[in-house]
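Asks: Okay, sequence plus prediction incoming.
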Amino acid sequence: MKFFPEALVPDPDKKINKFDKLLINKVIEELLKHDTNLRLIKQEYLMDLNSQNCTEIIQCNFEKGIFKYYIEFCKLSSYGKKDFNDDPCTFKILNTHALSINSIKDDNSIEFMNMQNKLIDETKKFCGLKINIHSSEEGKRSKLLGQEAFAVGSKDTIYGQSELTIRVDESALKHLDLYKDWIIKKLVKNSIR
């Protein structure tokens, strides 16, 4: 639970940091390597957004033939899990956070699930990146192709824990290919319809 009003003590985890940019740039680089017909047109850094958990987004605009895509990487931060409970996508931040620090590796066991729930309940702060993929064609409205989210470590010196931050960040980096592959599947599925 946070004790200070955010107007007095801003949440540093609502800002996209160097590690977040590294993850985003790795994903974009891999997308462009994978599909040479995909062109990055513009990358925008949107700040001071008026959203409860997200105040900064990096939006990447792409073109491929007649299709235009934009992929948003939204930085999310919440004290406790309540802000993520209602959204199935952002709830993945809680799960990937717990997965990265869970000492029980047998993910089919009851002990593993109990530990996951315990870690989620005991964590004071969750941070992550939410990926939104949108597509549009000439003369048509844009549509959401998919959403995904994963945890990154907290850089908050009050609520963050450096050992946990390192483990969560290492896990995000280790699993980054999963998110790149997910984006590729969404783009391919959209372009062959």
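Replies: Perfect, thanks for sending it.

Asks: Check the offset of stretch 50-64 from the chain's centre.
Replies: 11 Å (CA atoms, centre = their mean, to the nearest Å).

Asks: ok, residues contacting that stretch?
Replies: 14-16, 21, 24, 28, 31, 35, 37-49, 68-78, 83-84, 90, 130, 187, 191 (CB atoms under 8 Å, 6 or more residues apart in numbering). (C-beta placed from N, C-alpha, C; glycine too.)

Asks: Report the contact partners of the residue nearest in space to the middle of the chain.
Replies: Per CA atoms, centre = their mean, the C-alpha nearest to the average position across the chain is that of residue 129, at 1.9 Å. Residue 129 makes contact with 20, 23-24, 73-76, 149-150, 152, 172 under the criterion CB under 8 Å, 6+ apart.

Asks: just the CA coordinates of the helix or strand it falls within, formatted as CSV?
Replies: Using DSSP states H and E, residue 129 maps to strand 125-137. Presented in CSV, the C-alpha positions along strand 125-137 are these (Å, rounded to 0.1, in the frame of the first residue of the first chain):
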residue,chain,number,x,y,z
LYS,A,125,4.1,-3.1,-6.4
PHE,A,126,3.8,-4.5,-10.0
CYS,A,127,5.3,-2.9,-13.1
GLY,A,128,5.1,-4.0,-16.7
LEU,A,129,4.8,-3.3,-20.4
LYS,A,130,1.5,-3.7,-22.2
ILE,A,131,1.7,-4.2,-26.0
ASN,A,132,-1.3,-3.2,-28.1
ILE,A,133,-1.2,-4.0,-31.9
HIS,A,134,-3.5,-2.0,-34.2
SER,A,135,-4.0,-2.3,-38.0
SER,A,136,-5.6,-0.1,-40.6
GLU,A,137,-6.2,-0.2,-44.3
